[in-house]
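K.L.:
following is a predicted model, sequence given first.
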Amino acid sequence: MAFTFEPSTAPDFTVTDLDGNVFYDLGGAYGVNVFGYDFYKECMALGSERVEALAARMAGVPQNQLMMQKLMINQALYNQGLEGTQMLATVFDGITRHSPEGMAFKARAEEVGFKRAVQERDSGAALDEIWAIGRKHRR
């Protein structure tokens, strides 16, 4: 598989690609698949910088106020259907991985490495022309 991800057993919600790179799964394993490794890596670095800046600002807020704010934010997310969205994302993730395109991506990543497979996928070329989608062998 291109990723090993089992939500029921992954204690830190990470995904690991075929090259052994470990990523935080912030989008149901879609971040790397949709945007590619380099863009995803850059976004994670920027996100980490923003979190550090916010953590420094929040350090002086009393703990009880932070707890109440967290409860309010969580309630708002649950009211918007967070659990249903997460369930649907998991279902779509499974479908995507087992589609002809997902299986072709997996096979290509195993053949040439994850980074090159992502580059090919993100090239803009028709994937059914450059990968063996629905065929046993590549042209």
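P.N.:
Cool, the structure landed.
K.L.:
where do the strands of the protein begin and end?
P.N.:
Under the criterion DSSP state E, the chain contains strands at 14-16, 22-24.
K.L.:
what's the average pLDDT for the last one?
P.N.:
In other words, strand 22-24. Averaged across strand 22-24, the pLDDT comes to 69.
K.L.:
tell me where the model's unsure across this structure.
P.N.:
1-15, 24-35, 134-139 (pLDDT under 70).
K.L.:
mind naming the longest helix for it?
P.N.:
Longest helix in the chain by number of residues, with DSSP state H as the criterion: helix 37-58.
K.L.:
and that one, what does it pack against?
P.N.:
Judged by 3 or more Cβ pairs under 8 Å, 6 or more residues apart in numbering; DSSP states H and E, the packing partners of helix 37-58 are strand 22-24, helix 30-35, helix 114-121. C-beta here means a position set from N, CA and C on the backbone, and glycine is covered the same way.
K.L.:
starting at the chain centroid, how far to that helix?
P.N.:
Centroid separation for helix 37-58 versus its chain: 16 Å, with Cα atoms, centre = their mean, to the nearest Å.
K.L.:
please pick out the residue of this structure most distant from its centre.
P.N.:
Most distant from the centre of the chain: Pro62, at 33.4 Å, with distances by Cα atoms, centre = their mean.
K.L.:
for that one, phi and psi?
P.N.:
For Pro62, the backbone dihedrals are phi -60, psi 140 (criterion: degrees, to the nearest 10).
K.L.:
distance of Ala45 relative to Ala117?
P.N.:
Ala45 is 22 Å from Ala117, where distance means Cβ to Cβ, to the nearest Å.
K.L.:
the two: which has the busier surroundings?
P.N.:
For Ala45 versus Ala117, the count of surrounding residues by other Cβ atoms under 10 Å is larger for Ala117: 23 against 10.
K.L.:
tell me, how many residues neighbour the closest residue to the more buried one other than its chain neighbours?
P.N.:
Leaving aside its sequence neighbours, Ala117 sits nearest to Ala109 (Cβ to Cβ, 6 or more residues apart in numbering; 3.9 Å). For Ala109, the neighbour count with other Cβ under 10 Å is 22.
K.L.:
also the one 4 residues further on?
P.N.:
The number of residues packed around Gly113, counting by other Cβ under 10 Å, is 14.
K.L.:
having no further points to raise, I will conclude here.
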